[in-house]
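Enquirer: sequence first, then the predicted structure, then my questions.
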Amino acid sequence: MSLRAENVKMVGKLAVVAAGMFAFGYALIPIYKHICELTGINILSLSERQVPGNGVAGKDVRLPANTQVDTSRTITVEFDANARGPWDFKPAQRSVQVHPGQLTTVMYEFQNVQNRRMAAQAIPSYAPRQAAAHFNKLECFCFNQYTLEPGEKKQWPVAFVIDPKLSKDVTTITLSYTFFEVGGKTPAAPATANAATALGQEAGT
């Protein structure tokens, strides 16, 4: 066999291999979907689940997997702010009404009214207490510490979803933040949240 004939034969074999690889790669997508359907496993990562129209501060907020909105229930979420120091701290709105499973974003406003730089952080509390396990924050300024210059103003988002598994007896949730200067003593839960918790427990008895 001549060298030319051998080269042609080799090219033919390579072409067949390349075609087979292309066909296999093309078939991976339906195979992947079929495996997911058979096993019931959702392999998509949480970071791939974007919620259109709910971006906060230029970022996409992601919902937990398989969250469904329960439109048959409405929960009132009240917002409270406690400033343990000489600064201004408050929610942009005092309350919202949401359905379990519904993504909601609210803003908190802060201003350092001192003539010095400060580092601070917020800690949340919930009333009734049982709501804490079902109040899923997807984005919150309480996740980080912040350094603010004298007179600096900030607005921070809180994006949350209330788990539909929350007891149907709970119709009102109070989310309270205490903003304190880092380096000082971490404050206890605010009295307003404790009082609301006590009222909720009395109502349930």
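Expert: All right, it came through fine. Residues are numbered from 1 along each chain as shown.
Enquirer: C-alpha from now on. contacts and neighbour counts both.
Expert: OK.
Enquirer: give me every residue that touches the residue lying closest to residue 120 once chain neighbours are set aside.
Expert: With sequence-adjacent residues excluded and distances taken as C-alpha to C-alpha, 6 or more residues apart in numbering, residue 120 is closest to residue 181, at 4.1 Å. By C-alpha atoms under 8 Å, 6 or more residues apart in numbering, the residues touching residue 181 are 84-85, 118-121.
Enquirer: ok, residue 181 to residue 175 distance?
Expert: Distance, residue 181 to residue 175, by C-alpha to C-alpha, to the nearest Å: 20 Å.
Enquirer: checking residue 68 next. Helix, strand or coil?
Expert: coil (DSSP: H, G, I helix; E, B strand; the rest coil).
Enquirer: give the contact list for it.
Expert: The neighbours of residue 68, taking C-alpha under 8 Å, 6+ apart as the test, are 100-102, 164.
Enquirer: tell me the bridge partners for residue 162.
Expert: In this entry, residue 162 is beta-bridged to residue 135, by DSSP bridges.
Enquirer: what is the neighbour count of it?
Expert: The tally of other residues near residue 162 (other C-alpha atoms under 10 Å) stands at 25.
Enquirer: need the pLDDT of it.
Expert: Residue 162 carries a pLDDT value of 95.
Enquirer: got the contact list for it?
Expert: Contact partners of residue 162, counting by C-alpha under 8 Å, 6+ apart, are 99-102, 134-136.
Enquirer: report all helices and strands that the helix or strand containing residue 79 contacts.
Expert: Secondary structure assigned from DSSP states H and E places residue 79 in strand 75-84. When contacts are defined as 3 or more C-alpha pairs under 8 Å, 6 or more residues apart in numbering; DSSP states H and E, strand 75-84 sits against strand 88-91, strand 95-98, strand 172-181.
Enquirer: deepest-packed of those, please.
Expert: Here the criterion is mean neighbour count by mean count of other C-alpha atoms under 10 Å, and of the helices and strands packed on strand 75-84 the winner is strand 172-181, at a mean of 22.
Enquirer: all strands of the chain, in order?
Expert: Ranges of strands within the chain are 75-84, 88-91, 95-98, 104-111, 118-127, 135-140, 146-148, 153-162, 172-181, based on DSSP state E.
Enquirer: what's the domain layout of the chain?
Expert: By the assignment in automatic domain parsing, the chain contains the domains 1-43, 52-204.
Enquirer: pick out the shakiest of those domains, pLDDT-wise.
Expert: Looking at those, the weakest mean confidence is domain 1-43, a mean of 57.
Enquirer: and residue 168, how many neighbours does it have?
Expert: Applying other C-alpha under 10 Å, we find 10 residues neighbouring residue 168.
Enquirer: please apply the same query to residue 13.
Expert: Look at residue 13: counted by other C-alpha under 10 Å, it has 12 neighbours.
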